[in-house]
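1. here's a sequence, model it:
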Amino acid sequence: QVQLVESGGGLVQAGGSLTLSCAASGSFASINVMGWYRQAPGKQRDVVAVITSNGGTHYADYVKGRFTISRDSANNTVYLQMNSLIPEDTAVYYCHADLIYTISGGRLPRSWGQGTQVTVSS
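-> Predicted structure coming up:
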């Protein structure tokens, strides 16, 4: 099982910046995909950005040019640098890990963090 712990959420004014962090711990050998999703009240959970173990990235159109995802594979930590925040970015942000493997090659279930609130005021 993999545990994901997020930090860095909070309240910020429009145009401001925040950096989210997510640290993975538990019994695993590798995590191939890590990423961030968000869920606003009354809406479904949507992908924000993902990063693979070899550094490949994917961003949702609505954050391209404003958000940057990065990864410290040695410490199993993923970051989300969020710039030029707008009120529409207000949501609970969830860390996600997938394609998780044990030392023996077994695959573990995907894992979610508990979520961290990001609120952008106008």
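
2. quick one, strands of this structure?
-> In the chain, the strands defined using DSSP state E lie at 2-7, 10-13, 18-26, 30-39, 46-52, 57-59, 67-72, 77-82, 91-101, 107-108, 111-112, 116-121.

3. partners of the third one, with directions?
-> According to DSSP bridges, strand 18-26 has the following sheet partners: strand 2-7 (antiparallel), strand 77-82 (antiparallel).

4. kindly report the same for the last one.
-> Looking at strand 116-121 with DSSP bridges, its paired strands and their directions are strand 10-13 (parallel), strand 91-101 (antiparallel).

5. re earlier: let's have the strands of the chain in CSV, adding mean pLDDT.
-> Converted to CSV, the strands of the chain look like this (pLDDT from 0 to 100):
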stretch, mean pLDDT
strand 2-7, 96
strand 10-13, 98
strand 18-26, 97
strand 30-39, 96
strand 46-52, 98
strand 57-59, 98
strand 67-72, 97
strand 77-82, 98
strand 91-101, 96
strand 107-108, 92
strand 111-112, 96
strand 116-121, 98
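
6. so can I have CSV of those showing mean neighbour count?
-> In short, each C-beta sits where N, CA and C put it, glycine included. Compiled in CSV, those are given as follows (neighbours: other CB atoms under 10 Å):
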stretch, mean neighbour count
strand 2-7, 17
strand 10-13, 13
strand 18-26, 18
strand 30-39, 20
strand 46-52, 19
strand 57-59, 15
strand 67-72, 17
strand 77-82, 22
strand 91-101, 20
strand 107-108, 15
strand 111-112, 17
strand 116-121, 16
